[in-house]
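Q: Got a sequence here, can you build the structure:
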Amino acid sequence: MDYIRVIFMAALLNTLIELNPWWHGDSIPLGISRELYLQRIKKYLATGEIVVLNGVRRSGKTTLLHQTISYLINERGVPHKKILFINFDEPAFSQIDEPIEEILTLYRTDICGEQDIWLVFDEVQTIEGWEKYIKSLYDRGTYHIIISGSSSSLLENRLSTLLSGRYFAVQVFPLTFFEYLQFVGFPLREDVLARTADKYRIMNHLRDYLRYGGFPRVVLQHDESLRGTEYLRSYYDTIVFRDIILNNRVRNVKALKDLLYYLFSNCSNFFSYRNLEDQLKIDFATLKEYLLYALQAKILFEVPLFTYSLKVQSRNNKKCYCIDNGLRNSIAFRFSSDEGRLAENAVFIALMQSGFEPYYWKGTGEVDFVLKHPDDTLSAINVSYTDSPDEREYAGLREFSFLRLTKKCSH
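A: As a prediction, the model looks like this:
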């Protein structure tokens with residue numbers, strides 16, 4: 001091995017040691033616990049299958065990985081050096097031709113040569129051909145594997161092709177309002193809701209949440225200019241550039257940005273491809289392709305009409321929601337009338353985090369969200385950001401309830 005190679009491998013080993021402080025008894029950067037996700041991760045770890053954390057950038061996946069490592073060490077009793085954490089966004093790893101194999105060889109040679117190893121790979125999608133490496137490691141039966149990736153389209157499409165039936169996915173979202181209150185030191189409890197003064201404090205927090213959203217680092221940042229502009233705009237630019245433009249080799253960047261700006265500005269509203277085509281002067285095929293990229297990157301979501309007829313559903317407009325209100329507000333104009341739509345978007349994210357795939361319903365009245373339950377029952381939700389909801393909100397729910405009972409929700 002030549003001198004330069006020796007120096008390079010020594011530097012690489014130092015990088016691994018810095019990324020894995022628990023090897024030498026140093027503390028793990030844990031952040032604030034997100035129990036909903038941790039409980040799900042623990043359940044999946046017990047199966048022995050690959051655990052996949054996916055979702056938008058900066059939603060807290062790396063922190064959840066560190067919390068999982070802490071759980072493995074402190075509750076499962078896994079020896080410290082049997083856990084290898086790699087963040088493939090580290091510049092040092094981009095200089096290696098076969099990063100997964102070379103790093104693993106270095107780790108097995110210099111750190112831990114035993115069996116029953118835990119591999120925790122963050123931002124794994126940055127490695128070309130990562131799916132085949134992961135499948136190979138899984139098939140050896142020597143490793144427990146946890147991976148994360150910022151672009152869920154890569155994880156869903158490629159993992160399902162090579163690893164069907166071998167993994168469980170956990171989609172990570174920015175904080176819900178309930179989690180937001182925990183992060184700012186104001187956990188929501190029944191005794192809090194009973195006190196009038198605390199209700200006003202909660203409303204103040206809710207206004208901040210609707211304005212700045214739920215990205216963990218933004219929530220914990222006290223400098224208002226950094227919260228409202230620097231962080232969020234940087235997040236948006238990074239997500240659009242790395243997870244949409246680069247991943248999909250987008251050629252008409254202006255058309256993509258115009259589409260995203262329009263949909264973020266009209267979050268919680270109805271849209272159709274024909275309307276988008278007229279408004280933005282972008283051809284139908286390009287619109288459909290670019291919207292698909294945004295949906296795959298998990299920054300936008302489309303909600304279809306609830307109906308028992310797929311044909312009717314396909315003919316009707318969809319509603320658009322975005323991953324985070326703060327991200328939306330950082331790039332779109334805000335008006336006082338936006339608060340109701342932002343509240344609706346916040347409820348949508350909370351429902352998605354809870355595992356629902358919402359629909360909307362529209363007849364003479366309207367229902368914001370229709371939820372299907374495993375026992376085939378339905379729930380209907382209308383969102384109102386006022387103390388006295390409009391009678392139309394109740395009328396829409398009553399109309400839906402009547403038509404549901406008579407099975408007339410197909411038109």
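
Q: Show me the protein divided up by domain.
A: Per automatic domain parsing, the domain ranges recorded for the chain read 3-172, 178-405.

Q: Now tabulate these in JSON lines and tack on mean neighbour count and mean pLDDT.
A: For the C-beta atoms, the positions are set from N, CA and C on the backbone; glycine is no exception. Compiled in JSON lines, those are given as follows (neighbours: other Cβ atoms under 10 Å; pLDDT from 0 to 100):
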{"stretch": "domain 3-172", "mean neighbour count": "17", "mean pLDDT": "90"}
{"stretch": "domain 178-405", "mean neighbour count": "16", "mean pLDDT": "90"}
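
Q: SS state for residue 147?
A: Counting by DSSP: H, G, I helix; E, B strand; the rest coil, the backbone at residue 147 sits in strand.

Q: Surely it and residue 61 touch.
A: No. Counting by Cβ atoms under 8 Å, residue 147 stays clear of residue 61, with 10.0 Å between them.

Q: got any residues that touch both of the two?
A: 53, 122 (Cβ atoms under 8 Å, 6 or more residues apart in numbering).

Q: What segments of the stretch 251-400 of the chain are helices?
A: Counting by DSSP state H, counting those that start in this stretch, residue ranges of the helices within the stretch 251-400 of the chain are 253-265, 273-280, 284-296, 310-315, 325-331, 338-353, 391-405.

Q: tell me which strands and helices the last one is in contact with?
A: Packed against helix 391-405, as judged by 3 or more Cβ pairs under 8 Å, 6 or more residues apart in numbering; DSSP states H and E, are the following elements: strand 366-372, strand 378-381.

Q: Tell me who's in contact with residue 256.
A: By Cβ under 8 Å, 6+ apart, residue 256 lies in contact with 240, 244-245, 250, 290, 293.

Q: Looking at the helices of the stretch 251-400 of the chain, spot the one closest to residue 35.
A: Distance to residue 35, taken as Cβ to Cβ, is lowest for helix 338-353 among the helices of the stretch 251-400 of the chain, at 12.3 Å.

Q: Now do the closest one and strand 366-372, the angle between them.
A: With axes from the mean of the first three to the mean of the last three Cα atoms, to 10 degrees as the basis, helix 338-353 and strand 366-372 are set at 10 degrees to each other.

Q: wait, doesn't residue 80 sit right on residue 28?
A: No. Under the contact definition of Cβ under 8 Å, residue 80 does not touch residue 28, with a separation of 9.9 Å.

Q: so what sits against both of these two?
A: Between them, residue 80 and residue 28 share the contacting residues 22, 73, judged by Cβ under 8 Å, 6+ apart.

Q: closest one to residue 166 among the helices of the stretch 251-400 of the chain?
A: Closest to residue 166 of the helices of the stretch 251-400 of the chain, according to Cβ to Cβ: helix 284-296, at 21.6 Å.

Q: CA-only coordinates of that closest one in PDB, if you can.
A: Taking C-alpha atoms only, helix 284-296 is exported to PDB below (Å, rounded to 0.1, in the frame of the first residue of the first chain):
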ATOM      1  CA  PHE A 284     -49.500  19.100 -20.200                       C
ATOM      2  CA  ALA A 285     -46.800  16.400 -20.400                       C
ATOM      3  CA  THR A 286     -44.200  18.600 -18.700                       C
ATOM      4  CA  LEU A 287     -46.700  19.600 -16.000                       C
ATOM      5  CA  LYS A 288     -47.500  16.000 -15.200                       C
ATOM      6  CA  GLU A 289     -43.900  15.000 -15.200                       C
ATOM      7  CA  TYR A 290     -42.700  17.800 -13.000                       C
ATOM      8  CA  LEU A 291     -45.600  17.400 -10.500                       C
ATOM      9  CA  LEU A 292     -44.700  13.700 -10.200                       C
ATOM     10  CA  TYR A 293     -41.100  14.700  -9.300                       C
ATOM     11  CA  ALA A 294     -42.400  17.000  -6.600                       C
ATOM     12  CA  LEU A 295     -44.700  14.300  -5.200                       C
ATOM     13  CA  GLN A 296     -41.900  11.800  -5.200                       C
END
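
Q: distance between it and the chain's centre?
A: Relative to its parent chain, helix 284-296 has a centroid offset of 19 Å by Cα atoms, centre = their mean, to the nearest Å.

Q: Which residues are in contact with residue 101?
A: By Cβ under 8 Å, 6+ apart, residue 101 lies in contact with residue 133.

Q: Check residue 135 too.
A: Applying Cβ under 8 Å, 6+ apart, the residues near residue 135 are 162-163, 166.

Q: could the residues you listed go into a markdown table alongside secondary structure?
A: Formatted as a markdown table, the contacts of residue 135 follow (three-state DSSP):
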| residue | secondary structure |
| --- | --- |
| 162 | helix |
| 163 | coil |
| 166 | coil |
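
Q: Nearest to residue 345, out of those residues: which one, please.
A: Ranked by distance to residue 345 (Cβ to Cβ), the contacts of residue 135 are led by residue 163 at 32.8 Å.

Q: So the nearest residue to that closest one once chain neighbours are set aside, which state does it fall into?
A: Distances taken as Cβ to Cβ, 6 or more residues apart in numbering place residue 135 nearest to residue 163, at 5.9 Å, with adjacent residues excluded. Classification of residue 135 by three-state DSSP places it in helix.
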